[in-house]
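Asker: quick one, structure for this:
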Amino acid sequence: MASKTAKRLDGIGEYYFSRKLREIDERNQQGKNIINLGIGSPDLPPHPDVIRTLQEESAKPNVHAYQNYKGSPVLRRAIAGWYEKWYGVELDPESEILPLIGSKEGIMHICMTYLNEGDEALIPNPGYPTYSAAVKLAGGIPVTYEMNEANHWEPDFAALGQKDLSKVKLLWVNYPHMPTGQPPTPCLFEKIVAFGKKHDIIICHDNPYSFILNEQPMSLLHVPDAKDTVIELNSLSKSQNMAGWRVGMLCASRERIEEVLRFKSNMDSGMFLPVQLAAAKALELGKEWYDEVNAIYRRRREKVFDILDILKCSYAKQQVGMFVWAKIPGSYRDGYALSDEVLYDANVFITPGGIFGSAGENYIRISLCGSMERFEEAIARIKAIIHS
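Answerer: Presented below is the predicted three-dimensional model:
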């Protein structure tokens, strides 16, 4: 008998990159040797001290049991210290920090904690597709708010304020913004917090990119009294080159932490203790770590600019984060058309902006994750199809 999936999966497609990676694998099996410049999975290793800590701790006999649902006190104290040092934000490690098995699970935890059937959540367009999927899976209704280049990829709060917000429980924001690389300003963050307070909406800020090519890491929690309305997610995936380790955090008021924990504690247990202790070591790294990583990304970004120039795309050089966002030339129907041409003719994969929402259809996004040799090879391949 054929199985029938739950209604909550209606309208939820497989994640775009999951499908595209299968296609790339198939093409690689045909000998195409695809250069994947689409996904932001750091190819650089964590700091050697972080790996050494994991090795040493995991060799101990007493670290393999179930862990505290709220995470190790060592990790929570390290997160608090990291937030104070880099963001100027004071967090109580006992009550205002919840370690996560990657911040992506936090998106789901928040939606399941606060959304009832029919509740609405405001979702950025363009924005990370998981926000909308998590809202739907929780029974909520994603309502997009469109952003554009002319408005510096910021929400139009005047327009949002005129909408019927009576069913809106959550507002998702993400700065530095993915996919556009727009950095935040203190003024923008103040507007976001004020909007949440005025309309009694929980602001969910997803903040994994604040250290990448960005000289001024910022937290939304730095705004005075932000904890009254803000939940912030953060991650070691990008800032510490630990994407596969799955270490994230949720930072908020005691009340919010306790509410989310009621859901999370029924979904999983704490992460492997040696991973938590290694993550704590990673959070203690100094400015030289971030400078070293960003120097590499800066060189790579110049190569990506070269690719975009060959493709006659336009882009802002002051964008930050792990990607470069660019507007396609008018000769292409949309970003999908340009992406497909480069994939099928040059065997290079770049991300079409339309996967991030309708406001991204005339854009593409290129990841900075890859060696200089891979970028040089991508440049050669794309030059060959453009000039042929």
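Asker: give me the neighbour count for Leu44.
Answerer: When neighbours are defined as other C-beta atoms under 10 Å, Leu44 has 12 of them. Any C-beta I mention is one placed from the backbone N, CA and C, and that applies to glycine too.
Asker: typo on my end, it should be Tyr363
Answerer: Neighbours of Tyr363 under the rule other C-beta under 10 Å: 25.
Asker: ok, now how distant is the residue nearest to it when sequence neighbours are not counted from Met322?
Answerer: Spatial nearest neighbour of Tyr363, chain neighbours left out: Gly353 (3.2 Å); criterion: C-beta to C-beta, 6 or more residues apart in numbering. Gly353 is 15 Å from Met322, where distance means C-beta to C-beta, to the nearest Å.
Asker: burial measure for the nearest residue in space to Phe356 that is not next to it in sequence, as a count.
Answerer: Setting aside the residues directly before and after it, Phe356 is nearest to Pro126 in space (C-beta to C-beta, 6+ apart), at 3.6 Å. Neighbourhood size, Pro126 [other C-beta under 10 Å]: 26.
Asker: do Thr180 as well
Answerer: Thr180, neighbours per other C-beta under 10 Å, totals 30.
Asker: and it, its phi and psi?
Answerer: phi -80, psi -10 (degrees, to the nearest 10).
Asker: how about Cys204?
Answerer: Torsion angles, degrees, to the nearest 10, at Cys204: phi -110, psi 110.
Asker: use 356 as the first number from now on
Answerer: Sure thing, new numbering starts at 356, so read that last one as Cys559.
Asker: surely it is in contact with Ile465?
Answerer: Yes: between Cys559 and Ile465 there is a contact at 5.6 Å, judged by C-beta atoms under 8 Å.
Asker: which one of the two is surrounded by more residues?
Answerer: Neighbour comparison, Cys559 and Ile465: the larger count goes to Ile465, with 29 against 26 (by other C-beta under 10 Å).
Asker: burial measure for Asn391, as a count.
Answerer: 21.
Asker: with adjacent residues omitted, what lies nearest to it?
Answerer: In space, Asn391 is closest to Phe704, 4.9 Å off (C-beta to C-beta, 6+ apart).
Asker: show the contacting residues for the one you found.
Answerer: Residues near Phe704 by C-beta atoms under 8 Å, 6 or more residues apart in numbering: Lys375, Ile379, Ile389, Ile390, Asn391, Leu392, Gly393, Ser694, Val697, Leu698.
Asker: one step back: quick one: contacts for the residue nearest to Phe711?
Answerer: Pro481 neighbours (C-beta under 8 Å, 6+ apart): Met502, Pro534, Thr535, Gly708, Phe711, Gly712, Ala714, Gly715, Tyr718.
Asker: longest single helix anywhere in this structure?
Answerer: Secondary structure of the chain read by DSSP state H shows that its longest helix is helix 642-665.
Asker: who does the helix or strand following that one pair up with?
Answerer: Per DSSP states H and E, the first helix or strand lying C-terminal to helix 642-665 is strand 669-670. Here strand 669-670 has these sheet partners by DSSP bridges: strand 678-682 (antiparallel).
Asker: chain center to the following helix or strand past the partner strand, what's the gap?
Answerer: Remark: after strand 678-682, the chain's next helix or strand is helix 690-701, criterion DSSP H and E. Distance of helix 690-701 from the chain centroid (C-alpha atoms, centre = their mean, to the nearest Å) equals 24 Å.
Asker: need the pLDDT of Arg720.
Answerer: With respect to pLDDT, Arg720 scores 97.
Asker: then the one 3 residues further on?
Answerer: Per-residue confidence for Leu723 comes out at a pLDDT of 96.
Asker: what's near enough to touch Leu399?
Answerer: Leu399 neighbours (C-beta under 8 Å, 6+ apart): Asn596, Val648, Ile651.
Asker: are any of these buried, and which?
Answerer: Neighbour counting by 16 or more other C-beta atoms under 10 Å classes Asn596, Val648 among those as buried.
Asker: reformat the contacts of Leu399 as JSON lines; add pLDDT and distance to Tyr469.
Answerer: Shown next, in JSON lines, are the contacts of Leu399 (pLDDT from 0 to 100; distance: C-beta to C-beta, whole Å):
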{"residue": "Asn596", "pLDDT": "95", "distance to Tyr469": "32"}
{"residue": "Val648", "pLDDT": "96", "distance to Tyr469": "35"}
{"residue": "Ile651", "pLDDT": "97", "distance to Tyr469": "39"}
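Asker: can I get the contacts of Leu399 in TSV with distance to Gly725?
Answerer: Shown next, in TSV, are those (distance: C-beta to C-beta, whole Å):
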residue	distance to Gly725
Asn596	14
Val648	14
Ile651	11
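Asker: now, which of the contacts of Leu399 sits nearest Leu568?
Answerer: Among these, Val648 lies closest to Leu568 (C-beta to C-beta), at 9.3 Å.
Asker: for the closest one, which non-adjacent residue is spatially closest?
Answerer: Nearest non-adjacent residue to Val648 (C-beta to C-beta, 6+ apart): Leu399, at 6.6 Å.
Asker: just Ala701 next, same as before
Answerer: Arg736 (4.2 Å).
Asker: now do Thr485
Answerer: Using C-beta to C-beta, 6+ apart, the closest residue to Thr485 is Ile462 (5.6 Å).
Asker: which secondary structure element is home to the one you found?
Answerer: helix 458-469.
Asker: run the chain-centre distance for that helix.
Answerer: Using C-alpha atoms, centre = their mean, the offset of helix 458-469 from its chain centre is 14 Å.
Asker: which is the succeeding secondary structure element to that helix?
Answerer: Per DSSP H and E, helix 458-469 leads on to strand 475-480 as the next helix or strand towards the C-terminus.
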